[in-house]
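Chemist: 3D, please:
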Amino acid sequence: MRLNWKSCSLNNHHHILVKLVIAVLLVGLAFRLFVSRSKGFASDLESPVLEKEQVQWPESKPPVPAEISENEDQIPIDVSTEKCDLFTGDWIPNPSGPAYTNESCPLIEGHQNCMRNGRPDSGYLYWKWNPRDCQLPQFNAERFLEFMRNKAWALIGDSISRNHVQSLLCMLSSVEQPVEVYHDEQYKTKRWHFKSYNFTIWNIWSPFLVKAAIFEDNDGVSTAEVQLHLDKLDTTWTDVYQSLDYMIISTGKWFLKAAIYHENDTIVGCHICPGKNLTELGFVYAYNKTLRYVVDFIATSKHKGLIFFRMSTPDHFENGEWHNGGNCPKTTPAKEGEIEIKDLNRILRNVELEEFEKAAAKAADNEVNLKLLDFTNLLLLRPDGHPGPYRQFRPFAENKTAVVQNDCLHWCLPGPMDSWNDVIMEMVVNG
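Modeler: Residues are numbered from 1 along each chain as shown. Next comes the predicted model:
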């Protein structure tokens, strides 16, 4: 077979030519890409204004609610972290239920132990407070105790403060059982200690916050008017005040009781004292005087801890009051607008806000960390959270129609009050 060398040579020339053309095209394309990319880099570095001019801003629309992340440490970008109103919100279903029960916590006082006392419904246990402006993580007992290592707390006030301290102790007891290390003769002021954390919690009984002689039994029955000294703070709490790192101080409905008022060791008037030949000054006079004295003491105290002033709490008595047949039969939370705050509660609240606002400015000037706890809206929506007739142990066991005293002022434990601890932890630990 003979090869056609001429033909092969021609073909080889064609292949070389094609390769040369392709090479030239590739070099040109590479050069073009390099120049374009270089211009792009320069634009990114030198002309950010041009990029901003090309942004298409959306039309103004109502903000879309942020989705709640399962990770509590992540904050959605739509949630404002600068202004977070923890006290305005709604009660939403909480299928997981309470953090403790009357069986897991032995610290619940009998009058608030609604489960033990036979309350037949349990729906009131399956709700949680949900602020509208931000996320509210649920109370983390272990983290709270770690944060409070070597610290001292006190809840100072009346039986609502005692109600609250039991709620807090029960939630913390899931990590460690507190040991009661002190009580006064009447078992009204107590102190507990968490040994592993060297953390102390006080419950200091001081229903008026000023010096008072009280003549009343545990059921609220008085045998004489309260002798109330409006210009003398109660040393039960002031003696330990400077040793405390945190405190929640409050008062309220005790000022509605019949009382004789003293100033400068002289009787100046009274509230509900017929036949005493004294000037009827009214409870608002005493409440204003007392709160002004208390918050002024705090604001000028140079205290270096954190002090909460807690507003008084609303009640839900219907068809009467404590001693004349009032009851609270609701079994579900109310919606906003369904319940109005009572006139007496509104009067107390107005005085509290007025005096706190005055003291807050003074406290800031003196570098005293004074904050407000206003659970009014949170609790106003929970008429179902009270013991009602179940402040007694099985009140209808023997007689289904028995007439019993209802408690529509204090709160079942577990119950709505547990959400206070969620809010407080957010303000103290995460705030």
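
Chemist: from here on, contacts and neighbour counts on C-alpha atoms
Modeler: Fine.

Chemist: So what's the model's average confidence on the helix or strand where Leu169 lies?
Modeler: Element membership for Leu169 (DSSP states H and E) is helix 159-172. Mean pLDDT, taken over the full extent of helix 159-172, equals 98.

Chemist: Kindly report the same for stretch 408-425.
Modeler: In this model, stretch 408-425 has an average pLDDT of 97.

Chemist: what distance separates that stretch from the centre of its chain?
Modeler: 9 Å (C-alpha atoms, centre = their mean, to the nearest Å).

Chemist: Any regions of the stretch 151-300 of the chain where pLDDT drops low?
Modeler: Filtered on pLDDT under 70, the stretch 151-300 of the chain yields the residue ranges 219.

Chemist: how about the spatially closest residue to Leu278 that is not a sequence neighbour, phi and psi?
Modeler: Closest residue to Leu278 apart from its sequence neighbours, by C-alpha to C-alpha, 6 or more residues apart in numbering: Gly269 at 5.3 Å. Comment: the main-chain dihedrals of Gly269 come out as phi 160, psi -160, following degrees, to the nearest 10.

Chemist: ditto for the one 3 residues further on
Modeler: Note on Ile272: its backbone torsions stand at phi 60, psi 70 [degrees, to the nearest 10].

Chemist: In this structure it contacts Glu280, no?
Modeler: Yes: contact status for Ile272 versus Glu280: in contact at 7.0 Å, counting by C-alpha atoms under 8 Å.

Chemist: pretty sure the residue nearest to Leu278 is touching Asn277, no?
Modeler: No: Gly269 is beyond contact range of Asn277, at 9.1 Å (criterion: C-alpha under 8 Å).

Chemist: Can you get me a residue count around Gly282?
Modeler: Other residues within reach of Gly282 by the criterion other C-alpha atoms under 10 Å amount to 17.

Chemist: how many neighbours does the closest residue to Trp129 other than its chain neighbours have?
Modeler: By the measure of C-alpha to C-alpha, 6+ apart, the closest residue to Trp129 outside its immediate chain neighbours is Trp91, 4.7 Å from it. In terms of burial, Trp91 registers 20 neighbours under the definition other C-alpha under 10 Å.

Chemist: Trp91: helix or strand, and which one exactly?
Modeler: Trp91 belongs to strand 89-93 when elements are defined using DSSP H and E.

Chemist: helices or strands next to that strand in the packing?
Modeler: Counting contacts by 3 or more C-alpha pairs under 8 Å, 6 or more residues apart in numbering; DSSP states H and E, the secondary-structure elements packed against strand 89-93 are strand 127-131.

Chemist: Now the element after the strand it packs on, going C-ward?
Modeler: As assigned by DSSP H and E, the chain's next helix or strand after strand 127-131 is helix 141-147.

Chemist: Centre of the chain to that next one, how far?
Modeler: A distance of 16 Å separates the C-alpha centroid of helix 141-147 from that of its chain, computed with C-alpha atoms, centre = their mean.

Chemist: Equivalent analysis for stretch 229-245, please.
Modeler: For stretch 229-245, the distance from its own C-alpha centre to the chain's C-alpha centre is 24 Å (C-alpha atoms, centre = their mean).

Chemist: For the chain, which segments count as helices?
Modeler: Listed from the start of the chain, the chain has helices (DSSP state H) covering 5-46, 48-53, 141-147, 159-172, 235-238, 283-299, 343-365, 376-380, 418-428.

Chemist: one step back: next up, the contacts around the residue nearest to Leu278.
Modeler: The contact partners of Gly269, taken as C-alpha atoms under 8 Å, 6 or more residues apart in numbering, are 260-262, 278-281.

Chemist: go on, Asn327?
Modeler: Neighbouring residues of Asn327 by C-alpha under 8 Å, 6+ apart: 316-321, 388-389, 406-408.

Chemist: Quick one, grab the pLDDT at the residue nearest to Trp129.
Modeler: At Trp91, the model reports a pLDDT of 97.

Chemist: and the helix holding Leu169, how far out from the chain's middle?
Modeler: With C-alpha atoms, centre = their mean as the basis, helix 159-172 stands 13 Å off its chain's centre.

Chemist: cool, stretch 282-293 as well?
Modeler: Per C-alpha atoms, centre = their mean, the centroid offset for stretch 282-293 relative to its chain is 26 Å.

Chemist: Identify each buried residue in it, please.
Modeler: Residues 282-283, 285-288, 290-293 are the ones in stretch 282-293 that count as buried (16 or more other C-alpha atoms under 10 Å).

Chemist: Including distance to Gly97, could the contacts of Gly269 go into a markdown table?
Modeler: What follows is the contacts of Gly269, written out as a markdown table (distance: C-alpha to C-alpha, whole Å):
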| residue | distance to Gly97 |
| --- | --- |
| Ile260 | 46 |
| Tyr261 | 46 |
| His262 | 48 |
| Leu278 | 53 |
| Thr279 | 52 |
| Glu280 | 49 |
| Leu281 | 47 |
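
Chemist: Report the two of those separated the most.
Modeler: When the contacts of Gly269 are compared pair by pair using C-alpha to C-alpha, the two farthest from each other are His262 and Glu280, 12.8 Å apart.

Chemist: Looking at these two, which has the bigger crowd around it?
Modeler: When His262 is set against Glu280 and neighbours are counted by other C-alpha under 10 Å, the residue ahead is His262, at 20 against 17.
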